[in-house]
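Engineer: Got a predicted structure here, sequence first:
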Amino acid sequence: MPRNSRPPVSGKHRVARRTKIAMGAIGLAIAVGALAVAVTTGRTGEASADPADPSFFIDINKVPAGNNVNAALKKKGAQGSFTVNCGTNADGAHQNPDNFIAQPGIKNGAQHLHDYVGNLTTNADSSLKSLLAGGTTCKNGDKSAYFWPVIRIDRGDKEAQQQKNQKAQQQQKGKTGDVQEDKSAQDAKDTQDQRNNQGQGGGRSGRSAQQQGDQQNQNQDGQQQRRQRNQDQNNQQQNQDQNNQNNQQDQNNQQDQNNQQDQNGQNKQGQNKNQQQNQNNQQQNQNNQQQNNQDKANQNQNQNQQQDELGGIQGANKEVGDNDGTIIEPESATLKFIGGGAQDVVAMPLGLKILYGDAKQSTNGPKNARPSWTCTGFEDRLTDLYPICPAGSKVERIHAFPNCWDGKNTDSKDHRSHIVFANQQGKCPQGFKNVPQLQVTLVYNVPQDVQQNGEYKVDAFAQEKHNPRSDHDDFANVMSKQIMGRLVNCVNSGKACAE
């Protein structure tokens, strides 16, 4: 096996996230001595089956020869080519489940894993500015982004399928009970303490009444003595009354002054209260702002968690969503620009985004799906099924991109309307211009028994169920004007250039 191909795994492999179901608490107690029985989709520690349907595979010899529209167009128009050497991503250094073209800004939006070559920074948040600032795996400095879904080998699918509805036996033991603390002694003590407290309160009330009675008698004696003195000292009383009037006047004056001071104090207190209220309002606003920020942070965290749950990478095999198994990297990845049947081509605009195939063909219909599977030595035929190749031949994917540009837009709402395929004569619709056609050819060294047993599959959205018709590819042009100029010249002049 070549150095850059990963060896396939055999036997059991790690559980995919969708099948991690706790077993310990499942069971039905039927009668005394009966067993608890559970039916599951797989045992803990083993993968549940997620194989490609057997009907998705075909012997390449059964595919009619000549069934390749790309090969037919190659014979028409300009015969030049321009090949960019960007490697194969053989070590899996750059992989993620993002797609900044179809799902811009959405982390894990693809819900399946992509292999990348070319630009080293490609992720969900990529833009033309970030790509221009990034590095590249391409030897000539091409910073374009090239990416496609990975292929996996999963020998454990068949074994897991056989175990899918196997019954597991588990005997549940143990019992539970509640222990209640006896608090009667404490309740009795609390009742006695309450009575004692009430008795002590009554004693204090009695003493207080006696003191009030003594004080009242003393007041009566004092009144009699004052009446006697008043009768003997009328003149003195008149003087005293006069003094009392003067004192009363002084008290009134003092009271007015005190009232004025109280009013001033109340005003100041009101000001202080208003200031305190303002401070409280400011603090409340700050608290509300902090709470809003926290709520927003929590919302973002929940969204990230939800995105991670939908498509985040898990485990050493980088399993994503419903995609499990061991990744097999391409033995070779050829990025070639050709005429695509056109007499001559014009330069692609910087930032042009192009999709090949349809990752959601089961939902969108077959319109944009393209046959792209074949075997080495059988390139005259393409199929929309997984090929089973003869000995000495290897699994191959050929992705020939749309090549008629509307001359204005680098993207469109559906990511397709701005660039479409030429017809079988290599001509574009009215108003569109021929640009170089990108053709990505990927070769995989898939073991013969894996092919025969239907144990390899392309990463895909869950609803596709690994349908080979959902195969797709993505490209964003970030070539410099100099590189694009050389590319166009090579294609139109009939030269076979490679950088």
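Structural biologist: Arrived safely, thanks for sending. Numbers count the residues shown, from 1 in each chain.

Engineer: so where do the strands sit in the stretch 251-400 of the chain?
Structural biologist: For the stretch 251-400 of the chain, strands defined by DSSP state E, counting those that start in this stretch occupy the ranges 313-314, 319-320, 326-328, 332-338, 353-357, 373-375, 386-388, 395-400.

Engineer: Pick the most deeply packed of these.
Structural biologist: strand 319-320 (a mean of 26; mean count of other Cβ atoms under 10 Å). Bear in mind the C-beta positions are built from the backbone N, C-alpha and C, glycine included.

Engineer: So which elements touch that one?
Structural biologist: strand 313-314 (3 or more Cβ pairs under 8 Å, 6 or more residues apart in numbering; DSSP states H and E).

Engineer: List the pairing partners of the strand it packs on within its sheet, with orientation.
Structural biologist: Sheet pairing of strand 313-314 (DSSP bridges) gives strand 319-320 (antiparallel).

Engineer: circling back to that earlier point, so which of the strands of the stretch 251-400 of the chain gets nearest Asn67?
Structural biologist: Taking Cβ to Cβ, strand 373-375 is the member of the strands of the stretch 251-400 of the chain nearest to Asn67, at 9.3 Å.

Engineer: Which elements pack onto the closest one?
Structural biologist: strand 386-388, strand 395-400.

Engineer: Mind listing residues that contact that strand?
Structural biologist: 60, 63, 68, 381-387, 389-390, 393-398, 468, 471 (Cβ atoms under 8 Å, 6 or more residues apart in numbering).

Engineer: Next, format the helices and strands packed on strand 373-375 as CSV and append distance to Pro149 and mean pLDDT.
Structural biologist: CSV is the format used below for the helices and strands packed on strand 373-375 (distance: least, Cβ to Cβ, whole Å; pLDDT from 0 to 100):
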stretch, distance to Pro149, mean pLDDT
strand 386-388, 13, 98
strand 395-400, 10, 98
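
Engineer: Nearest to Cys138 among the ones you listed would be which one?
Structural biologist: Of all the helices and strands packed on strand 373-375, strand 395-400 comes closest under Cβ to Cβ, at 17.4 Å.

Engineer: pLDDT below threshold where in the stretch 151-300 of the chain?
Structural biologist: 157-274, 285, 292-293, 295-300 (pLDDT under 70).

Engineer: err, the stretch 1-150 of the chain, not the other one
Structural biologist: If you take pLDDT under 70 as the line, the stretch 1-150 of the chain has these spans: 1-49.

Engineer: what about the helices in it?
Structural biologist: 69-74, 128-133 (DSSP state H, counting those that start in this stretch).

Engineer: Turn these into TSV, including mean neighbour count and distance to Gln103.
Structural biologist: Shown next, in TSV, are those (neighbours: other Cβ atoms under 10 Å; distance: least, Cβ to Cβ, whole Å):
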stretch	mean neighbour count	distance to Gln103
helix 69-74	18	28
helix 128-133	14	16
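
Engineer: any chance of those in TSV, plus distance to Gln314?
Structural biologist: Formatted as TSV, the helices of the stretch 1-150 of the chain follow (distance: least, Cβ to Cβ, whole Å):
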stretch	distance to Gln314
helix 69-74	36
helix 128-133	27
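
Engineer: Looking at those helices, spot the one closest to Gly315.
Structural biologist: With Cβ to Cβ as the yardstick, what comes closest out of these is helix 128-133 (28.6 Å).

Engineer: Can you tell me what sits against the closest one?
Structural biologist: Contact with helix 128-133 is made by Asn119, Thr121, Thr122, Lys143, Ser144, Ala145, Leu350, Gly351, Ala476, Val478, as judged by Cβ under 8 Å, 6+ apart.

Engineer: Any of the contacts of strand 373-375 buried? List them.
Structural biologist: 60, 63, 68, 381-387, 389, 393-398, 468, 471 (16 or more other Cβ atoms under 10 Å).

Engineer: Excluding its own residues, what touches the helix or strand where Cys490 lies? List them.
Structural biologist: If you go by DSSP states H and E, Cys490 is part of helix 481-493. For helix 481-493, the surrounding residues in contact (Cβ under 8 Å, 6+ apart) are 78, 80-82, 140-142, 337-339, 344-348, 350, 436, 477, 479, 495-497, 499.

Engineer: Pull stretch 331-351 out as PDB, backbone CA atoms only.
Structural biologist: Only the C-alpha atoms of stretch 331-351 are listed here, as PDB (Å, rounded to 0.1, in the frame of the first residue of the first chain):
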ATOM      1  CA  GLU A 331      -3.300   8.000  -3.400                       C
ATOM      2  CA  SER A 332      -3.200  10.900  -5.900                       C
ATOM      3  CA  ALA A 333      -5.200  14.100  -6.400                       C
ATOM      4  CA  THR A 334      -4.800  15.700  -9.800                       C
ATOM      5  CA  LEU A 335      -6.100  19.300 -10.200                       C
ATOM      6  CA  LYS A 336      -6.200  20.100 -14.000                       C
ATOM      7  CA  PHE A 337      -7.800  23.000 -15.800                       C
ATOM      8  CA  ILE A 338      -8.900  22.300 -19.400                       C
ATOM      9  CA  GLY A 339     -11.000  23.900 -22.200                       C
ATOM     10  CA  GLY A 340     -14.100  21.900 -21.500                       C
ATOM     11  CA  GLY A 341     -15.100  21.900 -25.100                       C
ATOM     12  CA  ALA A 342     -14.600  25.700 -25.600                       C
ATOM     13  CA  GLN A 343     -12.700  27.100 -28.500                       C
ATOM     14  CA  ASP A 344     -11.000  29.500 -26.100                       C
ATOM     15  CA  VAL A 345     -11.500  30.500 -22.500                       C
ATOM     16  CA  VAL A 346     -11.300  33.800 -20.500                       C
ATOM     17  CA  ALA A 347      -9.800  34.300 -17.100                       C
ATOM     18  CA  MET A 348     -11.800  33.300 -14.000                       C
ATOM     19  CA  PRO A 349     -12.500  36.400 -11.700                       C
ATOM     20  CA  LEU A 350     -10.800  36.500  -8.300                       C
ATOM     21  CA  GLY A 351     -13.100  35.000  -5.700                       C
END
